[in-house]
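# model this:
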Amino acid sequence: MNNSNNHGMQSLITPQLLNQIKALKSLRAQQPAKPAKPKLSFKHLNPSNLEAEGFVHLTSSRFSTKPVPYCGQCNDGWADAGIERTVKLCIDCEIPRRKLKRLNDLNLPSDANGAHLSMYEWDSPKQRERIQNLMGWMMYGRAHSPQSPSVLMYGSPGNGKTTLHYALAKEAVFNDHRVLFTTHTALLERVKNTFGSSEKNPLSDGKWLRGVDLLLFDELGGIGGKSEMSNWAYTQSVDIIGHIYERWASGSLSVLMTSNLTPKQIAKYFQHNRAVGSRLIDMFGEPIHMQGPDRRTNKHLSNVYGF
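Numbering: from 1, shown residues only. Predicted coordinates for the structure are as follows:
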C-alpha cells in the first residue's frame, strides 16, 4: 500500500472513533474470562450401571454397548503421564471406552441386558462360594490360587445358569480379563460351516482358546441336552474337552461350564469315554447342582403349555 493510501486510512480514524475503540478494549478486559470447558469423566462406569448410565442399546438384537466419548481434556484418549515425552491411556475416557468395546465384542445375546453379579440370586451357598473363589482368582491370580479354579453347574433350564455367564462376562472384562462366551452348539456349528469348503476346521488345534483366560461354556450337550451326537459331533466334542483341559492344566484358563444334563447323563453323552471323564473330574471336582425353579416362567403356565 502506498503512502497516499496510508494517509487516507489514518484520516478516517478520528479522535472520537479512537476513544470508542479504547473504551471497547477496556470493557472487554473487565469482563470475566469464559469458564473452562467442563471435563467429562466415565471412570465411574462398572458392570452394574451400564444400562442406567445409557451405554447399552436396549433395543438391539444383541447385547450392544455405546461408544464412550472423549473427555475433552486428553489428546484423543492419550494423557500426559507426568514424565517427559511419555503418555498413558486416559482413565476418564479411553480405558472405559476399551472395556466397553471388549464387552461389545463378546457378542452376547440381548438377554444379557440387566444381568449383574450384584443382583444375581444365588441358588445355594455352595454355588456362591465356588463362584466367589473363581472371582478371587480373576482379581488376584496365582496370589489367590495356584491353580485356576473352574466350576461345572447343572440343572433344569431357566434356573439362572446362563444369566450367571453373562454377569461374569461383564465382571471379567472390567477386571481386564480376556473372555470367551460360547455354547456347545455354537462350536459345533463353526465346524459344520466348513463342510464342503477348503476352510480348515477352526477347532482342530485349540487355537480358538489362544489368549483366553476365562471360558464361559454354556449348554454342554445342547439346549436341554439335545445336541446332535453323530460320529463327527462326538469326535469334535471330545476334542473340545481335550483342548479346554490342556489350557486349564497349564494354569492359564479358568472355566465355568453349565449343562442341563446331570453328571451321569454327561457321561452317557460322551459314551462313557474315560479320558473325557478324567479331564472333567480333574477340572471341576464336585459339580454344583442348581435346583431352583425356572426363573423365566411360572409353574402354572408351564403346566398349561405342557412343558
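# check contacts around residue 122.
Neighbour list for residue 122: residue 128 [criterion: Cβ atoms under 8 Å, 6 or more residues apart in numbering]. The way it works is simple: take the backbone N, C-alpha and C, and place the C-beta from them, glycine included.
# I meant residue 102, not that one.
Listed by Cβ under 8 Å, 6+ apart, the contact set of residue 102 reads 173, 179.
# How about the secondary structure of it?
helix (DSSP: H, G, I helix; E, B strand; the rest coil).
# tell me how far stretch 250-264 is from the chain's mean position?
19 Å (Cα atoms, centre = their mean, to the nearest Å).
# Put the alpha carbons of it into CSV.
Output in CSV follows, covering the C-alpha atoms of stretch 250-264 (Å, rounded to 0.1, in the frame of the first residue of the first chain):
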residue,chain,number,x,y,z
SER,A,250,-1.3,-75.0,32.1
GLY,A,251,-2.8,-72.7,34.8
SER,A,252,-3.8,-70.1,32.3
LEU,A,253,-7.5,-70.8,31.9
SER,A,254,-10.5,-70.7,34.3
VAL,A,255,-13.7,-72.3,33.1
LEU,A,256,-17.4,-72.0,34.0
MET,A,257,-19.3,-74.8,32.2
THR,A,258,-23.0,-75.3,32.5
SER,A,259,-25.4,-78.0,31.3
ASN,A,260,-29.0,-79.2,31.5
LEU,A,261,-27.6,-82.8,31.8
THR,A,262,-26.8,-84.5,35.1
PRO,A,263,-23.2,-85.7,35.5
LYS,A,264,-24.3,-89.3,34.7
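# how deep is residue 83 tucked in, by neighbour count?
8 (other Cβ atoms under 10 Å).
# That one: which element?
Here residue 83 is covered by no helix or strand, with elements defined by DSSP states H and E.
# so where do the helices sit in the protein?
Applying DSSP state H to the chain gives helices spanning 3-12, 15-30, 94-105, 125-140, 161-174, 184-192, 231-249, 263-269, 274-284, 299-305.
# nearest to residue 77, of these?
Residue 77 sits nearest to helix 94-105 of all those, at 3.5 Å, using Cβ to Cβ.
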